[in-house]
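Participant: Fold the following, please.
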Amino acid sequence: MSLIPDDEQERTLPAAAIPPDEEFLLVPSGRDAPVNPARAYLLSLNSPRSRQTMASFLGIVAGMLGAVSADACSWGSLRRHHVMAVTELLRDTGRATATVNTYLSALKGVAKEAWMLRLMDVESFQHIRAVRNLRGSRLPSGRALPPDEIRDLFAVCDADRSSLGPRDAAMLAVMLGCGLRRSEVVGLDLSDVVTQDRALRVLGKGNKERLAYMPAGTWQRLQFWLDQVRDGTPGPLFTRIRRFDTLTDDRLTDQAVYHILQVRQRQAGIEKCAPHDLRRTFATAMLDNGEDLITIRDAMGHASVTTTQQYDRRGEQRLRAARDRLLMP
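Facilitator: Numbering: from 1, shown residues only. I've put the predicted structure just below:
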């Protein structure tokens, strides 16, 4: 059932779903057809990944509001009670507090665009803007890999005598040694290797460029991939390798990184982990080494130290150690 009454429906663009990695032209389908606020909001986001995530969220919310898609939803008719009903429905479906608040952020962003496009009055926009985020937290997701699992991962890569072994070892070493997101590692080009600084030029979220400095082990594995396997042809740093050990000039995808890690962890016989767990491992190792949060924030390309703190996976270990030190009958 729609949360927006039929008499409040308004015309919107009947276009297909928005591709997450392209530029969009906000052209009305007719002289009097308004621009879709959801499209305008997605355009305001900096990264393709953010656009993809929020487009998915808005599609789910549109369904809750009774629309067939985000493009067909009457966003200008959105009101405070609709937003509060959506957040309640999301919470009832078991979504984490942080996830519900991300949905809420997207709704507020769309409401702002609707107001700026004069599809929503200022009072309605202010009422939506005033909806508070949910409070509370859950146990952190993901984990940091222990040293023995990291050794096992690289052992199976080293045992692979095909070109896949050096490539996978170098890629995993960069993710673990520099804390890169998988979208960042597949976006690297050969020209992004800064040899004199033993670093990588990384383009992260928000279109922010940073240098990721590689530890000695990471640098050695990357150099082996570049010197012994990959030729000096300009292009992606990590490329696809087809059957019969044929190197290509094709860039790896985010999904390919996920698949590679799944294959290697099965071969190593270690506990299941995701690509982002390698980033959590990097942050946890830096904290264990006594590095300050500002340094780790900059190394990971975060805008806020608060975000960096969420990558710390030492909490359970500290609690277990504190338990073992207790002298209780």
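Participant: Restricting to C-alpha, output the helix or strand hosting Ser56 in CSV.
Facilitator: Following DSSP states H and E, one finds Ser56 within helix 48-64. The C-alpha trace of helix 48-64 is given here as CSV (Å, rounded to 0.1, in the frame of the first residue of the first chain):
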residue,chain,number,x,y,z
PRO,A,48,29.9,6.2,-8.6
ARG,A,49,29.8,3.7,-5.7
SER,A,50,27.9,6.2,-3.5
ARG,A,51,25.4,6.8,-6.4
GLN,A,52,25.0,3.1,-6.8
THR,A,53,24.3,2.5,-3.1
MET,A,54,21.9,5.4,-2.7
ALA,A,55,20.1,4.5,-6.0
SER,A,56,19.5,1.1,-4.5
PHE,A,57,18.3,2.5,-1.2
LEU,A,58,15.9,4.9,-3.0
GLY,A,59,14.5,2.1,-5.1
ILE,A,60,13.6,0.2,-1.9
VAL,A,61,12.1,3.3,-0.3
ALA,A,62,10.1,4.0,-3.5
GLY,A,63,8.6,0.5,-3.2
MET,A,64,7.6,1.2,0.4
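Participant: what separates it from the chain centre, distance-wise?
Facilitator: Helix 48-64 has its C-alpha centroid displaced from the chain centroid by 14 Å (CA atoms, centre = their mean, to the nearest Å).
Participant: in it, what counts as buried?
Facilitator: Within helix 48-64, the residues that count as buried by 16 or more other CB atoms under 10 Å are 49, 51-52, 54-55, 57-62, 64. Heads up, the C-betas are built off the backbone N, CA and C, glycines and all.
Participant: which element follows it toward the C-terminus?
Facilitator: Once helix 48-64 ends, the next helix or strand along the chain (criterion: DSSP H and E) is helix 80-92.
Participant: so what does that next one touch, helix or strand wise?
Facilitator: Taking 3 or more CB pairs under 8 Å, 6 or more residues apart in numbering; DSSP states H and E as contact, the helices and strands that helix 80-92 lies on are helix 48-64, helix 97-116, helix 122-129.
Participant: out of those, nearest to Met175?
Facilitator: Across these, Met175 has its closest neighbour in helix 48-64 (16.0 Å, CB to CB).
Participant: for that closest one, packing partners?
Facilitator: Helices and strands touching helix 48-64, by 3+ CB pairs under 8 Å, 6+ apart, are helix 37-44, helix 80-92, helix 97-116.
Participant: the inter-axis angle of it versus helix 97-116?
Facilitator: Here the directions of helix 48-64 and helix 97-116 differ by 80 degrees (axes from the mean of the first three to the mean of the last three CA atoms, to 10 degrees).
Participant: Flag the shaky bits of the chain, pLDDT-wise.
Facilitator: 1-34, 137-139, 316, 319, 323, 327-329 (pLDDT under 70).
Participant: Spatially central residue for it, please.
Facilitator: Within the chain, the residue whose C-alpha comes closest to the C-alpha centroid is Arg49; the distance, by CA atoms, centre = their mean, is 6.4 Å.
Participant: shouldn't that one be in contact with Ser183?
Facilitator: Yes - applying CB atoms under 8 Å, one finds Arg49 in contact with Ser183, separated by 5.5 Å.
Participant: Name the stretch among the helices and strands packed on helix 48-64 that sits most buried.
Facilitator: Of all the helices and strands packed on helix 48-64, helix 37-44 carries the top mean neighbour count, a mean of 22, counting by mean count of other CB atoms under 10 Å.
Participant: Perfect, that will be all.
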